[in-house]
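In: Provided below are the primary sequence and the corresponding predicted coordinates.
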Amino acid sequence: MTSRLTVSFAMVLALFALQGCAPHKQKVVLTAPAATLSAVVDPDVTHDPDTVLYLDLSDGGRVAIRLMPKWAPAHVERIKTLAKQGFYNGQIFHRVIEGFMAQTGDPTGTGQGGSKLPDLKSEFNDLPHLRGMVSMARTDDPNSANSQFFIVFYPRFQLDHNYTIFGRVISGMPWVDKIVRGEPPTNPTKIIQASLASENKPLPAFPPPPPPAPTSLVPAPAPAADPTDAPPSQVAAPTDLPTPDAPDRTQKRHGGHRRGGGMGGGGMGGGNSDDGTGGPGQ
């Protein structure tokens with residue numbers, strides 16, 4: 001009887017020992033999926049005016065940009081800081097490409113300059129480069145954004161995940177469309193004043209528009225007679241047609257890839273582009 005009790009007690013002790021040595025089950029913690037950023041922004045400039053950037057342009061209009069700290073908090077803070085300092089006042093849009101974007105933010109106007117503040121770490125996000133999006137320019141180094149930024153004319157999705165979008169135009173896009181094109185433009189559009197809506201700065205005195213071209217009082221000469229108006233039998237036969245064996249002397253220009261050249265004047269970092277425009281950079 002005693003031996004049976006001893007055996008039973010030993011078995012109970014062994015069972016407890018096995019349970020103590022068994023691995024503990026890990027608790028599964030369920031986390032909600034990360035919220036997807038939306039490209040939709042509040043268009044009302046009276047809402048949160050400290051996140052509305054005004055650009056008063058020399059073409060006579062005011063552009064309002066909604067800054068989005070949720071998208072890129074460090075970049076938004078940089079733009080606000082420089083705007084309050086008056087850094088952007090008087091700067092030109094030094095690289096403006098039809099169907100692509102308008103770039104500014106360089107005090108030298110060459111694409112090689114920036115502010116005295118340190119460069120920013122990238123804050124790439126999943127937002128697309130749609131029309132009116134405002135994104136930070138940089139060199140080939142992803143962490144080289146400083147002060148230059150660009151406004152997108154038309155969607156350019158190959159820039160997604162490679163440039164930090166930090167805002168979107170909410171009014172005045174027709175004035176953006178009027179920014180003079182060129183790399184650099186001959187007569188570039190300037191930022192007369194950049195400010196936050198919360199500063200309540202009045203519109204600056206815009207430069208007067210250029211005077212209209214003078215009209216000549218001398219009557220225009222009569223157009224030359226069109227030989228095709230003559231009867232068919234009197235139309236002269238063309239004499240400048242090439243012979244079948246003559247070589248084609250017309251030179252065809254073939255476009256190629258153009259890669260950003262880092263800090264070169266207007267050279268864009270960020271990779272190749274099939275249309276030769278490159279990417280916005282410094």
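Out: Sure, I can see it.

In: from here on, just use CA atoms for contacts and neighbour counts.
Out: OK.

In: can you confirm Q158 is in a strand?
Out: No: going by DSSP: H, G, I helix; E, B strand; the rest coil, the assignment for Q158 is helix, not a strand.

In: spell out the residue ranges of the strands in the chain.
Out: 52-57, 62-67, 95-97, 101-104, 133-136, 149-152, 165-171, 191-196 (DSSP state E).

In: could I get those strands as JSON lines with distance to D44, mean pLDDT and mean neighbour count?
Out: Below are those laid out as JSON lines (distance: least, CA to CA, whole Å; pLDDT from 0 to 100; neighbours: other CA atoms under 10 Å):
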{"stretch": "strand 52-57", "distance to D44": "9", "mean pLDDT": "98", "mean neighbour count": "26"}
{"stretch": "strand 62-67", "distance to D44": "9", "mean pLDDT": "98", "mean neighbour count": "25"}
{"stretch": "strand 95-97", "distance to D44": "28", "mean pLDDT": "98", "mean neighbour count": "23"}
{"stretch": "strand 101-104", "distance to D44": "24", "mean pLDDT": "98", "mean neighbour count": "26"}
{"stretch": "strand 133-136", "distance to D44": "17", "mean pLDDT": "98", "mean neighbour count": "26"}
{"stretch": "strand 149-152", "distance to D44": "19", "mean pLDDT": "98", "mean neighbour count": "25"}
{"stretch": "strand 165-171", "distance to D44": "8", "mean pLDDT": "98", "mean neighbour count": "25"}
{"stretch": "strand 191-196", "distance to D44": "14", "mean pLDDT": "98", "mean neighbour count": "24"}
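
In: those: which one's closest to V180?
Out: strand 95-97 (7.0 Å; CA to CA).

In: show me the contact partners of the closest one.
Out: 102-104, 111, 179-185, 266, 277 (CA atoms under 8 Å, 6 or more residues apart in numbering).

In: okay, and for the stretch 51-200 of the chain, where does confidence drop off?
Out: For the stretch 51-200 of the chain, not a single residue meets the criterion pLDDT under 70.

In: from Q103, how far off is V40?
Out: 23 Å (CA to CA, to the nearest Å).

In: which member of the contacts of strand 95-97 is positioned nearest P49?
Out: T104 (22.6 Å).

In: wait, doesn't the closest one sit right on R138?
Out: No: assessed by CA atoms under 8 Å, T104 is found out of contact with R138, at 11.8 Å.

In: where do the contact lists of those two overlap?
Out: Q148.
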